[in-house]
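A.B. asks: Make a model of this:
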Amino acid sequence: MTIYRKLILGSAASFLAMGAAQAADLPVKAKAVEYVRICSLYGAGFYFTPGTDTCIKLGGYLRVDTTFNGGAHGTPSWSGDLGQQNRFRDYFSSRSRMALTVDTRTATEYGVVRTFGQGDFQFNNFGNTNPAGSVGSQTTGLSSSLLSSAGGGYVAVEFLFIQFAGFTFGKSASAYATPWQGTPGNIDSNLLGGHTTDTGVNNIQYTQEFGNGVSGSFGLDDPTVWNRTSVYNLGIPSAIGANGTGTSAYGGSFAPDIVGRIRIDQAWGLFQLSGKAHLVNASYNTLAAGAVPNNLSEISGHPDSKWGGSVMAALQIKNIPTGKGDDIKIDVSYAKGSTKQVISTSGTSPNFAMFGGSGFGYQSVGFGATTDAVYFPGAAGTGGLKLTTAWGIRGAFNHNWDPYWSTALFGSYSAIRYDGGANDNINGLGTTTAKGAYCAAFAASHPGQAAVGNQAGNYTCNPDFNVSQLGAVTRWTPVKNLTFSAEVMWFHLDQKMSGSSVFTATAPKPTALYEFKDQNTVLLQLRAQRNF
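C.D. replies: Reported below is the predicted structural model:
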């Protein structure tokens with residue numbers, strides 16, 4: 001028994017020693033892995049950033065556009081090489097863009113703190129590769145640094161803003177804007193006829209929710225990019241160029257634009273009223289007689305600045321009887337000294353200069369100068385800035401045929417008016433009015449009774465003009481977030497000049513007799529887009 005007892009105790013001691021040795025070799029217990037969690041507070045696609053209470057969403061789209069007889073993003077052939085229809089123009093343009101968005105949100109005792117940013121990686125083929133003699137329409141408002149070359153491209157910033165306690169700081173849509181901006185038909189291009197800040201404007205704004213879908217917003221916008229067109233100093237000999245458009249004499253930005261809106265969002269749709277105050281300020285007058293032409297000086301003085309502004313009313317009607325999800329969107333705008341709230345594009349506001357093949361002279365021509373104001377210095381001048389008047393209307397009907405196919409019919413009409421009574425003649429009588437001052441400057445470089453060979457011209461001057469757009473877009477969405485679309489747009493320039501004039505036109509157009517006539521152009525744009 002003693003032998004067996006010693007054997008059992010020895011075995012037990014051995015097992016205990018082995019267990020202790022194995023326990024000493026075990027690793028230290030690791031901390032639990034913190035997996036990324038879905039954040040359902042702000043909609044689909046948000047996740048909690050590990051270790052924080054901030055939710056983040058990454059998104060964007062990849063888009064490929066090709067436009068025939070127009071610029072990228074559906075810009076009609078209304079100026080430059082495209083407007084001249086000369087051999088320097090690109091018969092088609094294409095653009096590839098990938099937009100990346102970052103949206104973060106954090107709940108606080110003051111409400112949600114949000115940051116949002118969007119950057120666009122972009123490549124364009126437009127931009128004439130041999131610009132000798134070109135009038136440069138291919139850039140469609142882009143600077144030469146943004147034109148793409150082989151293996152190149154560029155990055156553009158659309159939105160960068162912070163939202164906190166009802167305030168928005170940074171580059172965002174203006175408080176003046178409608179939710180659909182310049183695309184009431186979800187179209188591929190922007191419609192003229194109203195306000196657009198669809199790539200953001202530097203601003204500070206505050207929004208107050210009153211309940212039952214009623215809200216009010218107030219903001220201060222940087223006017224430099226989105227809210228200014230041109231101011232013409234008609235006392236400068238070259239103020240009116242060959243095509244009836246000139247060089248801007250705007251001064252620096254002296255004051256922000258003051259904007260506000262009241263909006264009602266309901267199940268039936270939306271109604272909105274917006275208002276804007278805009279300061280129009282010029283640089284300087286010309287030097288005294290005998291001084292160097294086109295030179296400006298502080299001692300020549302300047303016209304007093306003037307406040308202009310604009311108003312807009314917008315309406316959306318949802319779920320109309322034509323089909324599920326169908327709607328109608330429309331907005332109406334009026335502006336005085338704030339023309340870009342009617343003739344609005346993402347680049348510089350267009351001056352329209354279009355040539356046609358018909359005319360009893362060499363060709364026909366139509367143009368329209370887009371300005372906020374004009375002035376004519378001197379004793380017989382306008383007596384200061386004369387603000388330009390503009391108004392416009394645009395809208396669209398959107399119809400869903402089925403879950404895969406949809407169509408939108410859209411249109412716009414815009415009018416630009418220079419103050420004054422009856423049309424002033426080629427001698428520029430009545431220079432105290434904007435129309436008379438413009439016509440006096442135009443007559444100085446476009447004499448009515450000039451001649452080339454046996455050709456002579458005679459015309460009646462009136463710088464007023466209208467522009468209109470009409471079109472349709474059809475979209476096919478074979479799978480979720482992948483859409484193919486085709487858009488056709490007609491653009492019409494209704495200019496008010498009559499008769500004919502000998503133009504010393506911009507090359508490659510020759511100096512010849514041109515008849516003033518309305519002009520038309522049509523474009524086709526194809527798009528493929530994948531949202532993610």
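A.B. asks: Count residues in the vicinity of Ser174, would you?
C.D. replies: Ser174: 26 surrounding residues under other CB atoms under 10 Å. Backbone N, C-alpha and C define where each C-beta goes, glycine included.
A.B. asks: what bits of the stretch 1-150 of the chain have low per-residue confidence?
C.D. replies: 1-34, 126-148 (pLDDT under 70).
A.B. asks: What ranges does it have for its strands?
C.D. replies: Under the criterion DSSP state E, counting those that start in this stretch, the stretch 1-150 of the chain contains strands at 47-48, 54-68, 92-108, 111-124.
A.B. asks: Need the residues that contact the last one.
C.D. replies: Outside strand 111-124, the residues that touch it by CB atoms under 8 Å, 6 or more residues apart in numbering are 42, 60, 72, 93-106, 142, 146-148, 152-166, 172.
A.B. asks: tell me how far that strand is from the chain's mean position?
C.D. replies: Offset of strand 111-124 from its chain centre (CA atoms, centre = their mean, to the nearest Å): 17 Å.
A.B. asks: what do you get for the shortest one?
C.D. replies: Here strand 47-48 is found 33 Å from its chain centre; the criterion is CA atoms, centre = their mean.
A.B. asks: Apply the buried test to the contacts of strand 111-124 and list what passes.
C.D. replies: Buried by 16 or more other CB atoms under 10 Å: 42, 60, 72, 93-101, 103-105, 142, 146-148, 158-161, 163, 172, out of these.
A.B. asks: surely Tyr438 meets Leu234?
C.D. replies: Yes: judged on CB atoms under 8 Å, Tyr438 makes contact with Leu234 at a distance of 6.3 Å.
A.B. asks: More neighbours: which of those two?
C.D. replies: Neighbours per residue (other CB under 10 Å) separate Tyr438 from Leu234, with Tyr438 holding more: 32 against 27.
A.B. asks: can you pull the contacts of the more buried one?
C.D. replies: The contact partners of Tyr438, taken as CB under 8 Å, 6+ apart, are Tyr232, Leu234, Ile240, Ala369, Val374, Tyr418, Cys461, Pro463.
A.B. asks: what's the closest non-adjacent residue to it?
C.D. replies: In this structure, Tyr438 finds its nearest non-sequential neighbour in Pro463, 4.7 Å apart by CB to CB, 6 or more residues apart in numbering.
A.B. asks: and the one you found, what does it touch?
C.D. replies: So Pro463 contacts Gly244, Gly368, Ala369, Tyr418, Lys435, Tyr438, Cys439, Phe442, Lys496, Met497 (CB under 8 Å, 6+ apart).
A.B. asks: ok, 7 Å please
C.D. replies: Residues in contact with Pro463 (CB atoms under 7 Å, 6 or more residues apart in numbering) are Ala369, Tyr418, Lys435, Tyr438.
A.B. asks: Confirm that it sits in a strand.
C.D. replies: No: read with DSSP: H, G, I helix; E, B strand; the rest coil, Pro463 is coil and lies in no strand.
A.B. asks: helix/strand/coil for the spatially most central residue of the chain?
C.D. replies: Closest residue to the average C-alpha location of the chain: Ser346 at 2.3 Å, with CA atoms, centre = their mean. Using three-state DSSP, the structure places Ser346 in coil.
A.B. asks: And it, how far from Gly309?
C.D. replies: From Ser346 over to Gly309 the distance is 22 Å, taken as CB to CB, to the nearest Å.
A.B. asks: repeat for Gly301
C.D. replies: 26 Å.
A.B. asks: any idea where the helices of the stretch 101-250 of the chain begin and end?
C.D. replies: Applying DSSP state H, counting those that start in this stretch to the stretch 101-250 of the chain gives helices spanning 223-226.
A.B. asks: before we move on, back to that, neighbour count winner among Gly301 and Gly309?
C.D. replies: Shown here are Gly301 and Gly309; by other CB under 10 Å, Gly309 has more neighbours (20 against 10).
A.B. asks: ok, the helix or strand containing that one: who's next to it in the sheet?
C.D. replies: Assigned by DSSP states H and E, Gly309 belongs to strand 306-318. Strand partners for strand 306-318, identified by DSSP bridges, are recorded as strand 269-280 (antiparallel), strand 327-336 (antiparallel).
A.B. asks: In a markdown table: these, plus distance to Arg89, mean neighbour count and mean pLDDT.
C.D. replies: Below are those laid out as a markdown table (distance: least, CB to CB, whole Å; neighbours: other CB atoms under 10 Å; pLDDT from 0 to 100):
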| stretch | distance to Arg89 | mean neighbour count | mean pLDDT |
| --- | --- | --- | --- |
| strand 269-280 | 34 | 20 | 98 |
| strand 327-336 | 31 | 22 | 98 |
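A.B. asks: Which parts of the stretch 351-500 of the chain are helices?
C.D. replies: Going by DSSP H, counting those that start in this stretch, the stretch 351-500 of the chain shows helices at 434-445.
A.B. asks: Residue ranges in it under the pLDDT threshold?
C.D. replies: 359, 420-430, 447-457.
A.B. asks: Strands along that one, start to end?
C.D. replies: Under DSSP E, counting those that start in this stretch, the stretch 351-500 of the chain gives strands at 352-356, 363-368, 373-375, 386-387, 389-400, 405-417, 451-452, 455-456, 459-460, 465-479, 482-495, 498-503.
A.B. asks: The third one - contacts with which helices or strands?
C.D. replies: Translated: strand 373-375. strand 231-233, strand 386-387, helix 434-445 (3 or more CB pairs under 7 Å, 6 or more residues apart in numbering; DSSP states H and E).
A.B. asks: Would you enumerate the residues in contact with Gly395?
C.D. replies: Taking CB under 7 Å, 6+ apart, one finds Pro184, Ile328, Lys329, Ile330, Gly411 in contact with Gly395.
A.B. asks: Would you mark the buried spots in stretch 521-529?
C.D. replies: Thr521, Val522, Leu523, Leu524, Gln525, Leu526, Arg527, Gln529.
A.B. asks: In strands only, show me those residues.
C.D. replies: Counted as lying in strands by DSSP state E, out of those, are Thr521, Val522, Leu523, Leu524, Gln525, Leu526, Arg527, Gln529.
A.B. asks: The first one reaches Pro76, doesn't it?
C.D. replies: Which is Thr521. Yes: using CB atoms under 7 Å, Thr521 is in contact with Pro76, at 5.4 Å.
A.B. asks: list the residues that contact both of these two?
C.D. replies: In contact with both Thr521 and Pro76: Phe491, using CB under 7 Å, 6+ apart.
A.B. asks: follow-up on the earlier one: TSV please, covering the helices and strands packed on strand 373-375 and showing distance to Leu82.
C.D. replies: Compiled in TSV, the helices and strands packed on strand 373-375 are given as follows (distance: least, CB to CB, whole Å):
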stretch	distance to Leu82
strand 231-233	23
strand 386-387	30
helix 434-445	23
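A.B. asks: Figure out which of those is closest to Thr178.
C.D. replies: strand 386-387 (24.3 Å; CB to CB).
A.B. asks: Now that we're looking at Ala288, what pLDDT does it have?
C.D. replies: pLDDT, Ala288: 47.
A.B. asks: repeat for Pro510
C.D. replies: 88.
A.B. asks: Just the element for it, please.
C.D. replies: Using DSSP H and E, no helix or strand contains Pro510.
A.B. asks: Torsion angles phi and psi at it?
C.D. replies: Phi and psi for Pro510, reported as degrees, to the nearest 10, are phi -90, psi 160.
A.B. asks: The closest residue to Thr474 other than its chain neighbours - how many residues pack around it?
C.D. replies: Nearest residue to Thr474 in three dimensions, chain neighbours excluded: Thr407, at 4.8 Å (CB to CB, 6+ apart). Using other CB under 10 Å, Thr407 has 15 other residues around it.
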